[in-house]
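Colleague: Give the three-dimensional model of this entry:
(2 chains)
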Amino acid sequence: MNIHEFQAKQLFAQFGVPVPNGKEIKTPLAAEKWAEKLNAPVYVVKAQIHAGGRGKAGGVKITKNRAEVPGLAKELLGQTLVTHQTGPKGRKVRRLLIEEGAGIAKELYLSLLVDRDSGWPVFIASTEGGMEIEEVAAHTPEKVLKELIDPAVGFQGYNGRNLAFGLGLPGLEPTIMGPFITMLGNLYRLFMEKNASMVEINPLVITTDKKLIALDGKVSFDDSALFKHVDVQAMRDLHEEEPLEVEATSNNLNYVKLDGNIGCMVNGAGLAMATMDVIKLAGSEPANFLDVGGGATKETVAAGFRILLKDRNVKGIFINIFGGIVRCERIAHGVIEAAKEVQIKLPVVVRLQGTNAEEGRKLLLESGLKVDVATDLWEAAQKIVAMTGKKRKKVEAAAS
Amino acid sequence: MSILVNKNTRVVVQGITGKEGSFHATQCKAYGTQVVAGVTPGKAGQEVEGIPVFNTVRDAVRKTQCDTSLIFVPPPFAADAILEAAEAGIRLVICITEGIPVNDMVKVKRALRGRDVRLIGPNCPGIITADECKIGIMPGFIHKKGRVGVISRSGTLTYEAVNQLTMLGLGETTCIGIGGDPIIGTGYIDLLALFEKDPETEAVVMIGEIGGDAEDRAAAFIKQNIRKPVISFIAGITAPPGRRMGHAGAIITGGKGTAAEKMAVLEAAGVRVVRNPAEIGMAVQEALSPRCGV
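Modeller: This is a model prediction of the structure:
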């Protein structure tokens, strides 16, 4: 789960990580009042959306003139920002973070996540703040420092010294050493206590008055640990999520919307991905990832159908079930029942394999439903692609 | 022969009185597995399908000499269950549970370091040695004793591959689901090494997916150490970056961990990479046919 920058900075402040004085703002009037209270030499107005690249997309405004703040707020609120991470549709700006600007002497990069190889948390730091760390790693890998933290004992002073000396902090600003190491310890505490999956500060700045401050902040959380943290759950912003994905989650389905036009419904995440891949190999594109899980029932299949049909790009549906514990005849019943509830006018191919696959196929064939039944994965994929391809041609012919 | 488990393996099921635990304990027993004990705190003295239930793993080990544990404990308590098994002297721990917090697994993995215990999973279908013992949730009937070892990060996709191997008459030795989480107990490399040493295993199927670099590291290991043919499929060539595809570990981050990249690295290491998951079985057959060996 992701949160907004202003929420990340609230958490930072709570854990003793220095941030600029700022506030979440939803109206130009509130912006005016806050600017007055803030009374700073420089004001920064930042659009709050769950995507990077806001600066380049015009989502960050800076002014020295307090009177301009409400106008900038008005300009940004309600605007749709298109960044390299939002996709072409962009994201509507519903809230802002207005904060005090800082005089920047040096920008650093800092993040904390779990290293998958070792299974230990790792700090990643660089003197090249303000740039994308992937770029830095690709072009100047020697400028990316990594410090693994032993989870048995947690963050230690030596971890901090390795990073601080590695970054050359004594040369940059000797008085910053102590606060920097304290901040690292605080970030580690935040990361572990709140079950974060990533904490990123880019840039972390040394100001002209020799202070350390998190000028930006990004925190994401481990979905599996949300049950431990009511406060984190409360930070969820559903506006920032795909509505169909939210609906899927509430039905215990794992759904990711994509751009193709063959909707697929599969049991198991690996097989669901493989099914998407097979659709592409057969010459089309998948409209989604949808894992109905190991305990697929009539209800989950029906919910799956509803979600697939709400995506207007979907021109055909491919159901791929490998019956293990889930018995295929139950899935077949689910498809038949769901088809009665949900009007399906699109071509559907159902591929059943594994436990009781034959009974399942028989049920579907005898149901009178207009579904194609298959046994082989490749044959099934070619079938649905051929059926939707034909349909597309007809539409084109009618249009011309 | 086989790897890790066989007909002599003595299994304790942690969480045996739950819905999942009791169902699968029964299924495993029916397959022929020696399920000798179950554990649910506070339910000692009960039985599940003739399997005695104990309060603690320690009690189960003392009374039944079980050496392998199969865990169905819900996510908030699963880390505790894994550590309990390790502390009680269990040699092989197989954790099926999906959705264990990553930080819990960070601590578990650290605590198991240097100990004589192997963890498989979590978030996996388990392990099966065909026609000998099944310790997990996979459908037993699709497996047939044979020549191929299988290692996979997935569940149903593994069944798909196994079914193809069985249908083609190749059969399997041992099949292991290593789990779809970012932090798992045992990765490809240890298992590849075990399969290389197992005289019955003639080829290994390795099923990977997007996210992380486990396949890249496995490729380097294969190049240096594995002489048996390795056949691989990597799921997720169509997966977009930055999105979690079902499994907690299946995510492309910072442009790293794409299927295309993994396929290229494996191919460069001499692995046969299959683009179409429907052709895994056939690729193994080709690799094992004498004509290809010459």
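
Colleague: need the contact list for residue 28.
Modeller: Looking at chain A here, since you left the chain open. A:Pro28 makes contact with A:Pro70, A:Gly71, A:Ala73, A:Lys74, A:Leu77 under the criterion Cβ atoms under 8 Å, 6 or more residues apart in numbering or on different chains. The way it works is simple: take the backbone N, C-alpha and C, and place the C-beta from them, glycine included.

Colleague: Can you look at chain B instead?
Modeller: Going by Cβ under 8 Å, 6+ apart, B:Cys28 touches B:Val11, B:Val13, B:Val35, B:Leu70, B:Cys133, B:Lys134, B:Ile135, B:Gly136.

Colleague: Distance of the residue lying closest to the fifth one once chain neighbours are set aside relative to chain A?
Modeller: Spelled out, it's B:Cys133. In this structure, B:Cys133 finds its nearest non-sequential neighbour in B:Thr33, 4.2 Å apart by Cβ to Cβ, 6 or more residues apart in numbering or on different chains. From B:Thr33 over to chain A the distance is 16 Å, taken as Cβ to the nearest Cβ, to the nearest Å.

Colleague: Apart from its chain neighbours, what residue comes closest to the closest residue to chain A within the stretch 1-150 of chain B?
Modeller: Closest residue of the stretch 1-150 of chain B to chain A, Cβ to the nearest Cβ: B:Pro101 (3.6 Å). Leaving out its chain neighbours, the residue that sits closest to B:Pro101 by Cβ to Cβ, 6+ apart is A:Ala225, at 3.6 Å.

Colleague: Give me the secondary structure label for that neighbour.
Modeller: Secondary structure, DSSP: H, G, I helix; E, B strand; the rest coil: A:Ala225 is helix.

Colleague: got the contact list for it?
Modeller: A:Ala225 touches A:Asn195, B:Pro101, B:Val102, B:Asn103, B:Asp104, counting by Cβ under 8 Å, 6+ apart.

Colleague: if we can go back for a sec, okay, the residue nearest to B:Cys133: pLDDT?
Modeller: Note on B:Thr33: pLDDT of 97.

Colleague: and the stretch 1-150 of chain B, which of its residues are near chain A?
Modeller: Residues of the stretch 1-150 of chain B lying near chain A by Cβ under 8 Å from any Cβ of the partner chain: B:23, B:75-76, B:99-107, B:109-111, B:125, B:137-139, B:141-142.

Colleague: Just the buried ones from those residues?
Modeller: B:75-76, B:99-107, B:109-111, B:125, B:137-139, B:142 (16 or more other Cβ atoms under 10 Å in any protein chain shown).

Colleague: Show me the contact partners of stretch B:109-122.
Modeller: Contacts of stretch B:109-122 (Cβ under 8 Å, 6+ apart): A:119-120, A:150-152, B:4, B:71, B:78, B:82-83, B:85-86, B:90-98, B:100, B:105, B:108, B:126-127, B:176-179, B:181, B:183-186, B:190.

Colleague: Buried only: go through those for me.
Modeller: A:119-120, A:151, B:4, B:71, B:78, B:82-83, B:85-86, B:90, B:92-98, B:100, B:105, B:108, B:126-127, B:176-179, B:181, B:183-186, B:190.

Colleague: quick one: buried residues of the one helix or strand A:Leu108 maps to?
Modeller: Assigned by DSSP states H and E, A:Leu108 belongs to strand A:104-114. For strand A:104-114, burial by neighbour count (16+ other Cβ under 10 Å) applies to A:Lys106, A:Glu107, A:Leu108, A:Tyr109, A:Leu110, A:Ser111, A:Leu112, A:Leu113, A:Val114.

Colleague: what does stretch A:138-146 give?
Modeller: Going by 16+ other Cβ under 10 Å, stretch A:138-146 has these buried residues: A:Lys143, A:Val144, A:Leu145.

Colleague: Show the end-to-end separation of it, please.
Modeller: End-to-end distance for stretch A:138-146: 15 Å, by Cα to Cα, to the nearest Å.

Colleague: I'd like to know the average pLDDT value across it.
Modeller: Per-residue scores along stretch A:138-146 average to 92.

Colleague: Name the nearest of the buried residues of stretch A:138-146 relative to chain B.
Modeller: Chain B lies nearest to A:Val144 out of the buried residues of stretch A:138-146, by Cβ to the nearest Cβ, at 11.4 Å.

Colleague: Is the closest one bridged to anything, and to what?
Modeller: Beta-bridge partners recorded for A:Val144 (DSSP bridges): A:Ser126.

Colleague: Please look at it and A:Val136 and confirm they touch.
Modeller: Yes - between A:Val144 and A:Val136 there is a contact under Cβ atoms under 8 Å: 5.9 Å.

Colleague: Overlap of the contact sets of those two?
Modeller: Joint contacts of A:Val144 and A:Val136 (Cβ under 8 Å, 6+ apart) are A:Ser126.

Colleague: just for chain B, where's the confidence low?
Modeller: B:1, B:291-294 (pLDDT under 70).

Colleague: what about 50?
Modeller: Within chain B, the stretches with pLDDT under 50 are B:293-294.

Colleague: Now do stretch B:48-60: everything it contacts.
Modeller: B:12-14, B:16-17, B:21-22, B:25-26, B:29, B:35-47, B:63-64, B:66, B:69, B:84-85, B:87-88, B:90.

Colleague: Can I get it in PDB, CA atoms only?
Modeller: C-alpha atoms of stretch B:48-60 as PDB (Å, rounded to 0.1, in the frame of the first residue of the first chain):
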ATOM      1  CA  VAL B  48      -7.800 -36.000  13.200                       C
ATOM      2  CA  GLU B  49      -8.400 -39.000  11.000                       C
ATOM      3  CA  GLY B  50      -6.500 -41.200  13.500                       C
ATOM      4  CA  ILE B  51      -3.600 -38.700  13.700                       C
ATOM      5  CA  PRO B  52      -2.800 -37.800  17.300                       C
ATOM      6  CA  VAL B  53      -2.900 -34.100  18.200                       C
ATOM      7  CA  PHE B  54      -0.300 -32.500  20.600                       C
ATOM      8  CA  ASN B  55      -0.100 -29.100  22.300                       C
ATOM      9  CA  THR B  56       3.500 -28.400  21.200                       C
ATOM     10  CA  VAL B  57       5.800 -29.500  18.400                       C
ATOM     11  CA  ARG B  58       8.300 -30.500  21.200                       C
ATOM     12  CA  ASP B  59       5.700 -33.000  22.500                       C
ATOM     13  CA  ALA B  60       5.000 -34.300  19.000                       C
END
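
Colleague: can you give me how far it is from the chain middle?
Modeller: With Cα atoms, centre = their mean, to the nearest Å as the basis, stretch B:48-60 stands 24 Å off its chain's centre.

Colleague: Can you point out the buried residues in it?
Modeller: B:Val48, B:Ile51, B:Pro52, B:Val53, B:Phe54, B:Val57, B:Arg58, B:Asp59, B:Ala60.

Colleague: and what of stretch A:259-275?
Modeller: A:260-275.

Colleague: repeat for stretch B:250-257
Modeller: B:Ala250, B:Ile251, B:Ile252, B:Thr253, B:Lys256, B:Gly257.

Colleague: Could you do stretch A:73-86 as well?
Modeller: Here stretch A:73-86 shows A:Ala73, A:Glu75, A:Leu76, A:Leu77, A:Leu81, A:Val82, A:Thr83, A:Thr86 as buried, counting by 16+ other Cβ under 10 Å.

Colleague: for stretch A:201-219, same thing?
Modeller: Applying 16+ other Cβ under 10 Å to stretch A:201-219 flags A:201-207, A:211-219 as buried.

Colleague: Other residues contacting that stretch?
Modeller: Residues contacting stretch A:201-219 (Cβ under 8 Å, 6+ apart): A:2-3, A:5, A:7-9, A:11-12, A:17-20, A:52, A:102-111, A:129-130, A:133, A:172-173, A:175-176, A:179-180, A:183, A:187, A:190, A:194, A:196, A:198-200.
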